[in-house]
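1. what shape does this take:
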Amino acid sequence: MNKARGPVWHKKQKDKGLIPKGLRGIDKDAAWGKSNADGWVYGHSSFSLASHKIPVLGCFIWMKNSANEAKRMWLETGFLKNRVDYVAMDSKADDYGLFREMNRQRQMTLITCCRKNMVVSENRQRMHKVMQQPKYKQIYKERAYRVEPMQGLVKDIFELDRCWMRGNKSNRWLFAAMGLTIQMHQLNAYKQNRSTWKIKDEVLG
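-> Just a heads-up that it's a prediction; the model follows:
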């Protein structure tokens, strides 16, 4: 999550469309969202895909702060059918319907973290059993240091703790440009057999 440029528009006032007198420069398109790491944030979110085997960025795109990440993941992985064997995501993807359709429509295995208190139905027990296979547990474990840091790399290079611009449209194009820039430099690094992580100086240079 990335804080919006300008002041915060408190949720109760935003829901009513009321802008307090004297409050200037509000990003009206920003939204409220909550994460375990950041708590409540008024701003915009970024969604990214990264390769698990070779650490390169697949995409870095704008997403509404309050949007459903698992649904976005489903939309953004359609083009990967017949190209990858599995897709890994945190517990936000803990959904049997998503697990089933990933396998049925795309022949991909969804690897996620099943919430223990939700392993009740026969279908969810079957899903949980798949997640407990050693090879999938290992993939999920590796995800923490092969995939997760990629979003942080982009934000660090572009100092994206706070959005540079206001509005969904502006940030949509800006985030896409950031992602494309990282992809270009990572491709060069990969071709030259260099680290695809250590690219900050090249991007800024």
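
2. which helix or strand in this protein has the lowest average pLDDT?
-> In the chain, no helix or strand scores lower on mean pLDDT, DSSP states H and E than strand 31-35, which sits at a mean of 88.

3. so how far is that one off the chain centroid?
-> Centroid separation for strand 31-35 versus its chain: 14 Å, with Cα atoms, centre = their mean, to the nearest Å.

4. which parts of that strand are buried?
-> The neighbour-count criterion (16 or more other Cβ atoms under 10 Å) identifies 31, 32, 33 as the buried residues of strand 31-35. C-beta coordinates here come from the backbone N, C-alpha and C atoms, glycine included.

5. now do stretch 184-200
-> Those would be 185, 186, 189, 196, 199, for stretch 184-200 by 16+ other Cβ under 10 Å.

6. mind checking the backbone torsions on the last one?
-> Read it as residue 199. Dihedral angles of residue 199 (phi, psi; degrees, to the nearest 10) stand at phi -120, psi 0.

7. average pLDDT across the top helix by length along the chain?
-> Longest helix in the chain by number of residues (criterion: DSSP state H): helix 168-191. Mean per-residue pLDDT for helix 168-191: 95.

8. and the longest strand along the chain, what does it pack onto?
-> Scanning the chain for the longest strand, with DSSP state E as the assignment, gives strand 39-50. Judged by 3 or more Cβ pairs under 8 Å, 6 or more residues apart in numbering; DSSP states H and E, the packing partners of strand 39-50 are strand 2-3, strand 31-35, strand 57-64, helix 69-76, helix 149-158, helix 168-191.

9. for the residue nearest the centre of the chain, which non-adjacent residue is closest in space?
-> By Cα atoms, centre = their mean, the chain has its centre lying nearest to residue 47, at 3.3 Å. Distances taken as Cβ to Cβ, 6 or more residues apart in numbering place residue 63 nearest to residue 47, at 4.2 Å, with adjacent residues excluded.

10. so, low pLDDT: which residues of the chain?
-> Scanning the chain for pLDDT under 70 picks out no residues.

11. quick one: the spatially closest residue to residue 84 that is not a sequence neighbour from residue 96, how far?
-> Leaving aside its sequence neighbours, residue 84 sits nearest to residue 108 (Cβ to Cβ, 6+ apart; 6.3 Å). Between residue 108 and residue 96 the distance is 15 Å, computed by Cβ to Cβ, to the nearest Å.

12. could you do residue 142 as well?
-> Counting by Cβ to Cβ - residue 142 and residue 96 are separated by 24 Å.

13. who's more crowded, the two?
-> Each of residue 142 and residue 96 has its neighbours counted (other Cβ atoms under 10 Å); residue 96 has more, 18 against 13.

14. in this structure the more buried one contacts residue 130, no?
-> No. Contact criterion Cβ atoms under 8 Å: residue 96 and residue 130 do not qualify, at 10.7 Å.

15. the helix or strand harbouring residue 99 relative to helix 69-76, how many degrees between them?
-> According to DSSP states H and E, residue 99 maps onto helix 96-106. Here helix 96-106 runs at 10 degrees with respect to helix 69-76, directions being taken by axes from the mean of the first three to the mean of the last three Cα atoms, to 10 degrees.
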